[in-house]
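Colleague: Can you look at this prediction? I've put the sequence above it.
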Amino acid sequence: MSGIKLTKVNKYFDHNHILKDLDLYIEDGDFMTLLGPSGCGKTTTLRVITGLENPEEGTLSINGKEMVNGAKKYYAPPSKRGLNLVFQSYALWPHMTVFDNVAFGLSINKLPKAEIRSKVESALEKMRIIKYKDRYPSELSGGQQQRVAIARAIVTEPKILLLDEPLSNLDAKLRLEMRAELKRLHRELKTTIVYVTHDQVEALTMSTKIAVFFEGNLVQVDTPRNIYRHPVDLRVADFIGNPKINFIDASCTYEGGAAITESELGRLDIPSVRPTSSVSNKVVLAIYPEDIRISAEKVEGAIPLVVYSVMPAGSETLIQLTTSPDNLLLVKVIGELDYPVGKTVWVTLPLDKINLYDKETGRLVNEGCSRPLALQV
Ligand SMILES: Nc1ncnc2c1ncn2[C@@H]1O[C@H](COP(=O)(O)OP(=O)(O)OP(=O)(O)O)[C@@H](O)[C@H]1O
């Protein structure tokens, strides 16, 4: 089987359990992003794949070949794994030109000079930095240096490219530019990419799949769209989305495949819910700010709420509405909207856009919404 397969991987540092029964399959050609808050085990997972860390338990295979077997204490050396890694700090050789930096790995493999030239120039062209080939790293911007680091990684044509927060040292504008470049590069090279970031926007824009980690557990693996639309639990829902998703506490009874919820927003009947026996009657409704409709005029069936604040942000406006003395509902609308504070507006929540979570377990309970490709909690 091609791709990268981690099975029941456990990794400890001292007595701390860092990766917990990790099962993850990265298909050939995937752009898989490992996403999660700081310290959740993303980099450790990447280092286990590369061989820079050895897990105590579990197995790793790359393109069908066993690279790690914890039970047998077998760990293939990093150089035998056919991978290439780019770190957050790009560590270019300061005394070498861009060309020589990129050529370095090829030269030590003693390839013919003409072949080295052609491969290096092709990598520099792919990263659109051929015009800087005779410059030294100190003569380049941060973004250009990062492009050199990536050119150096792709010049050996690795089947798998591993990137650990490669954009975190760049300013916002460069980061945006490099996201587009990496996405293009993935399409062009058809290389499998494993990418580590704690930036959910980065993950959502570039990946074909996202693996979300919390405290050493892999919580959800799915396409960016499914992760965004149907986070499997409250932690993922809280982590994904900018601005953040709204959470509304509610009590709930189940009737004929629907959840009848009562909250500070009144009664809402959420369809397609099939509770299991363990589902409690305390639930949390979750809805993204952009899914909420707002009107200055009274609308039949809409909920009246009072404007707390209006925050114009250029192309969009964020509006906070008071739902109770200590709770606010955030609404995002495209364009400019200038409601006076204190005005009553009318709000509609599309029921099919609401995710319903069990407050006790934090798990998503809408039927058909959760479709995780792999799940470990
Ligand atoms: N060599 C080490 N020795 C001891 N503990 C370590 C070591 N490397 C990582 N850890 C710990 O393991 C946990 C996971 O670290 P890891 O670097 O994988 O997290 P991460 O999700 O990549 O975080 P970040 O986004 O901050 O890089 C952290 O608590 C970290 O302190």
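Modeller: Cool, the structure landed.

Colleague: need the residues of the stretch 251-377 of the chain near the ligand, please.
Modeller: Within the stretch 251-377 of the chain, no position lies close to the ligand (C-beta under 6 Å from any ligand atom). For every residue, glycine as well, the C-beta is placed using N, CA and C.

Colleague: All the strands of the stretch 251-377 of the chain, residue numbers only.
Modeller: Ranges of strands in the stretch 251-377 of the chain, per DSSP state E, counting those that start in this stretch, are 258-263, 266-270, 282-287, 293-295, 303-313, 316-324, 327-334, 344-348, 355-358.

Colleague: Let's see the pLDDT reported for the residue of the stretch 201-350 of the chain found nearest the ligand.
Modeller: Minimum separation of the stretch 201-350 of the chain from the ligand (C-beta to the nearest ligand atom) falls at residue 213, amounting to 6.5 Å. With respect to pLDDT, residue 213 scores 96.

Colleague: swap in residue 136?
Modeller: pLDDT for residue 136: 95.

Colleague: One more: residue 370?
Modeller: pLDDT, residue 370: 40.

Colleague: shaky segments in the chain?
Modeller: Applying pLDDT under 70 to the chain flags residues 1, 87-90, 274-280, 367-377.

Colleague: any idea how it splits into domains?
Modeller: Using automatic domain parsing, the domain parsing of the chain gives 4-234, 244-292+349-369, 294-348.

Colleague: tally of neighbours for the nearest residue to the residue of the stretch 201-350 of the chain closest to the ligand once chain neighbours are set aside?
Modeller: Closest residue to residue 213 apart from its sequence neighbours, by C-beta to C-beta, 6 or more residues apart in numbering: residue 36 at 3.5 Å. Neighbour count for residue 36, taken as other C-beta atoms under 10 Å: 28.

Colleague: for residue 36, phi and psi?
Modeller: For residue 36, the backbone dihedrals are phi 170, psi 170 (criterion: degrees, to the nearest 10).

Colleague: max-length helix in the chain?
Modeller: Using DSSP state H to define each element, the chain has its longest helix at helix 172-189.

Colleague: Packing partners of it?
Modeller: Judged by 3 or more C-beta pairs under 8 Å, 6 or more residues apart in numbering; DSSP states H and E, helix 172-189 is in contact with helix 113-126, helix 142-154, strand 192-197, helix 200-206.
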